[in-house]
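> Based on what follows, work out the 3D shape:
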Amino acid sequence: MNVLLIYPEFPDTFWSFKHALKLAHKRASSPPLGLLTIAALLPPQWNKRLVDLNVARLTDRDLSWADAVFVSAMLVQREAARSVIARCRAAGVRIIAGGPLFTSEYGQFEAVDHFVLNEGELTLPPFLADLAQGQAKRVYATAEFADIRKSPVPLWSLAQMRRYAAMSLQYSRGCPFQCEFCNVTALFGHRPRTKGTDQVLAELDGLYTQGWRGSVFFVDDNFIGNKKQLKTELLPALIAWQKTRGGLSFYTEASINLADDPQLAELMVEAGFDTVFIGIETPNEASLAESGKHQNQSRNLVEDVKRLQRAGLQVQGGFIVGFDSDTPAIFQRQIDFIQKSGIVTAMVGLLQAIPGTRLYERMQREGRLVSDGTGDNVSISTNIIPAMNLETLQEGYKSILRTIYAPENYYRRLKSFLWEYRPPKVRSVMSLGHKMALFHSIYRLGILGKERLCFWKVMLWALFKRPRLFSHALTLAIYGYHFRIICERYILK
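Purely as a prediction, here's the structure:
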C-alpha cells in the first residue's frame, strides 16, 4: 500500500511566521506532528510519504503513486483542506481524514471516504483491521482517551527537516483548567495524561539521530498540568540528557501559575526551556471570571510575567478582546498591559466561539452564534454577536494592533524584555541560520524598513549592553517585521 500523508497549507497569520521564516530561509515553523505519529502507527510494510504543503507541492505524480491519502488539519486550515480533498477526489484516490478540524466538522466533508477521529491511537487500529477485511466504515470515533504511554516515536525520517525552524514533540494531553472559550478539554480531557520519561527521551534521541540541533516545541496545551511528575521525573531526565547530548532548546505552553513555582521554572530553564506561551487573555477581572479563566484571577499578572522573564523564560502571550464584560476601556487597558509586561510576542485576537467549547454552546443557546469559528487570528470578524457594538469592537481591536506593533512601541517592549531577561546560559557563537538572518534583517529592517531607526537603536543597545542576548534581539526584531506585514495586509488595510 502506497500512502500519502498530506498536511494542508496554513493561511498567512500571526502564528504562521511566514515572513519571519523567509529571512532565515525556512518554509514553516514545524512539521505536522500528528501525521508523523499516525505514520508510525501504520503497518511498517506500507510505503509512506509526507507532503506538507507548507514546505512542498502536491504533484500529480504523488497522487498517481498513492493508493490512499491521510489528511489531517486544524480549523484554520479548513479551506486549504477542502482544496486538497477536492484534488484527491478528482484523482480517484481513497481519502482518510482525521485531526481537530474533522473531529469537529466531519459532517461537512462529504468527499472524504473514511474519518478516523479523536485520538488516533484508539481509532486507527479498528479502521486498519476493517480495511484489511474490505469492510472499512465511514466514521471511526470514540469518547475514550488514549493511554499515550503506548504512543510510538513519530516517523521523523519522513520530514524534510532542513525546511523547518523547529521540531515538535508531545509530553502530555489534557488540561486541568476549563476555560469557556477553549476546546482542549473537549478534545483531550480534563485530566492531563503524560508519556513516560523514556518515551520523551526516545523521541529526542530520534531527532538527534536525524541530525537536529535546533529548537523543539513541546506542543502540550499545558506543559505543567502535572507538576509533580515534571519535577521528579521528566525535567531531571532532560537535564541529564542535555549534559550528554545537548544542542537543543525547548519551548512550550503553560498556565500563569508557573510563576508561583520558582523551583519548577528553574528546573525548566536548566533543562533547556527558554520560551513559554501563556494565555493571559485580559487584564479585566470580570472577563476572566466570565470565561472561567480562574487561574488568572486575583493576580499581579505583569509581575508574574516579569518573574518568569527574570527566571530565564521569554513569555509569549495570548490576548482576547470581545468578552461580554469588556467595555471600550479594554482596548487601552490591553495596550498598557502589553507594554508594561514586556511581552514582545503578543498575540491579540477577537473572541470566537469554537465548536466543542462551552462558549459555543452558550452562544447557541442565546441565539448569538453567527457561524462556525475560523480559528484564524488574522481577522476583524467574529462568529458571535458581541455584547459590545461590533463596529466599536473592531475599531478598538485595530487600535490595539496599530499601537503595539508600531515600531517605536514594539522596539520599546523588546528593550524592556531584554533588560529583564536573565537566561543562565546563552551561546556566544551564532549559528549559520542566525548569520543568514542577520544579513537579511539588516537589509530588510536596517536599510529598507520604515522602522530602521528603531531597529538600529535597539540592536546597538543590545550589542553593547546585552551582547549575550543579541541573537534574541535579532530574532524578535524579525518577528516584529512579520507581525507588521500581517497587520498591514489583513487587518489595518
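
> what's the pLDDT at the nearest residue to Q334 once chain neighbours are set aside?
Closest residue in space to Q334, ignoring its immediate chain neighbours: I400 at 5.4 Å, by CB to CB, 6 or more residues apart in numbering. Yep, even glycine has a C-beta here, placed from its N, CA and C like the rest. The pLDDT attached to I400 in the predicted structure is 98.

> Any idea how many residues pack against I400?
When neighbours are counted by other CB atoms under 10 Å, I400 registers 20.

> That one: which element?
Taking DSSP states H and E as the definition, I400 sits inside helix 390-404.

> And that helix, how far out from the chain middle?
Centroid separation for helix 390-404 versus its chain: 24 Å, with CA atoms, centre = their mean, to the nearest Å.

> Please apply the same query to stretch 228-235.
For stretch 228-235, the distance to the chain centre is 23 Å (CA atoms, centre = their mean).

> Can I get that stretch as PDB, trimmed to CA atoms?
Listed next in PDB are the C-alpha coordinates belonging to stretch 228-235 (Å, rounded to 0.1, in the frame of the first residue of the first chain):
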ATOM      1  CA  LYS A 228       4.900  16.600  40.500                       C
ATOM      2  CA  GLN A 229       5.800  14.300  37.600                       C
ATOM      3  CA  LEU A 230       7.700  17.100  35.800                       C
ATOM      4  CA  LYS A 231       9.800  17.900  38.900                       C
ATOM      5  CA  THR A 232      10.600  14.300  39.900                       C
ATOM      6  CA  GLU A 233      10.800  12.600  36.600                       C
ATOM      7  CA  LEU A 234      10.900  14.400  33.200                       C
ATOM      8  CA  LEU A 235      12.900  17.600  33.900                       C
END
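
> now what about it, what contacts it?
Contact partners of stretch 228-235, identified using CB atoms under 8 Å, 6 or more residues apart in numbering, comprise Y171, T194, T197, V200, F223, I224, Q263, L264, L267, M268, E270, A271.

> per-residue confidence for the second one?
The model reports T194 with a pLDDT of 97.

> That one against S172, yeah?
Yes: using CB atoms under 8 Å, T194 is in contact with S172, at 4.5 Å.

> anything in contact with each of these two?
Common neighbours of T194 and S172, using CB under 8 Å, 6+ apart, are I148, N226.

> circling back to that earlier point, buried ones only from the contacts of stretch 228-235, please, as a PyMOL command.
Buried subset of the contacts of stretch 228-235, written as a PyMOL selection, criterion 16 or more other CB atoms under 10 Å:
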select buried, resi 171+194+197+200+223+224+264+267+268+270+271
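
> Tabulate the contacts of stretch 228-235 in JSON lines, adding columns for secondary structure and distance to T282.
Below are the contacts of stretch 228-235 laid out as JSON lines (DSSP: H, G, I helix; E, B strand; the rest coil; distance: CB to CB, whole Å):
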{"residue": "Y171", "secondary structure": "coil", "distance to T282": "28"}
{"residue": "T194", "secondary structure": "strand", "distance to T282": "30"}
{"residue": "T197", "secondary structure": "helix", "distance to T282": "36"}
{"residue": "V200", "secondary structure": "helix", "distance to T282": "33"}
{"residue": "F223", "secondary structure": "coil", "distance to T282": "22"}
{"residue": "I224", "secondary structure": "coil", "distance to T282": "21"}
{"residue": "Q263", "secondary structure": "helix", "distance to T282": "29"}
{"residue": "L264", "secondary structure": "helix", "distance to T282": "25"}
{"residue": "L267", "secondary structure": "helix", "distance to T282": "29"}
{"residue": "M268", "secondary structure": "helix", "distance to T282": "25"}
{"residue": "E270", "secondary structure": "helix", "distance to T282": "32"}
{"residue": "A271", "secondary structure": "helix", "distance to T282": "31"}
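
> now the helices for the stretch 151-300 of the chain?
Taking DSSP state H, counting those that start in this stretch, the helices of the stretch 151-300 of the chain run over residues 184-188, 197-209, 227-229, 235-244, 262-271, 285-291.

> The longest helix belonging to the chain vs helix 390-404, what angle?
Taking DSSP state H as the criterion, the chain has its longest helix at helix 470-486. Here the directions of helix 470-486 and helix 390-404 differ by 150 degrees (axes from the mean of the first three to the mean of the last three CA atoms, to 10 degrees).

> Would you map out the domains in this structure?
Domains of the chain are assigned by automatic domain parsing as 2-140, 165-404, 427-491.

> May I see those domains arranged in JSON lines, with distance to E420 as well?
As requested, the domains of the chain are arranged in JSON lines below (distance: least, CB to CB, whole Å):
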{"stretch": "domain 2-140", "distance to E420": "23"}
{"stretch": "domain 165-404", "distance to E420": "4"}
{"stretch": "domain 427-491", "distance to E420": "11"}
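
> quick one: pLDDT of A437?
68.

> Provide a list of residue ranges in the protein with pLDDT below threshold.
When residues are selected by pLDDT under 70, those of the chain lie in 377, 425-434, 437.

> could you redo the last one with a cut-off of 50?
Along the chain, the parts satisfying pLDDT under 50 run over 427-428.

> now the strands: where do they sit in it?
All strands of the chain, identified by DSSP state E, fall at 2-7, 47-52, 68-72, 94-98, 114-116, 139-140, 166-169, 172-173, 193-194, 215-218, 249-254, 273-281, 314-321, 346-350.

> residues of stretch 73-85 that come out buried?
A73, M74, L75, V76, Q77, R78, A80, A81, V84, I85.

> So the second one versus D205, what's the distance?
According to CB to CB, to the nearest Å, M74 stands 28 Å off from D205.

> circling back to that earlier point, just send the helices of the stretch 151-300 of the chain back as JSON lines, with distance to G92 too.
Formatted as JSON lines, the helices of the stretch 151-300 of the chain follow (distance: least, CB to CB, whole Å):
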{"stretch": "helix 184-188", "distance to G92": "32"}
{"stretch": "helix 197-209", "distance to G92": "35"}
{"stretch": "helix 227-229", "distance to G92": "48"}
{"stretch": "helix 235-244", "distance to G92": "47"}
{"stretch": "helix 262-271", "distance to G92": "49"}
{"stretch": "helix 285-291", "distance to G92": "47"}
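
> Thanks again, I'm all set now.
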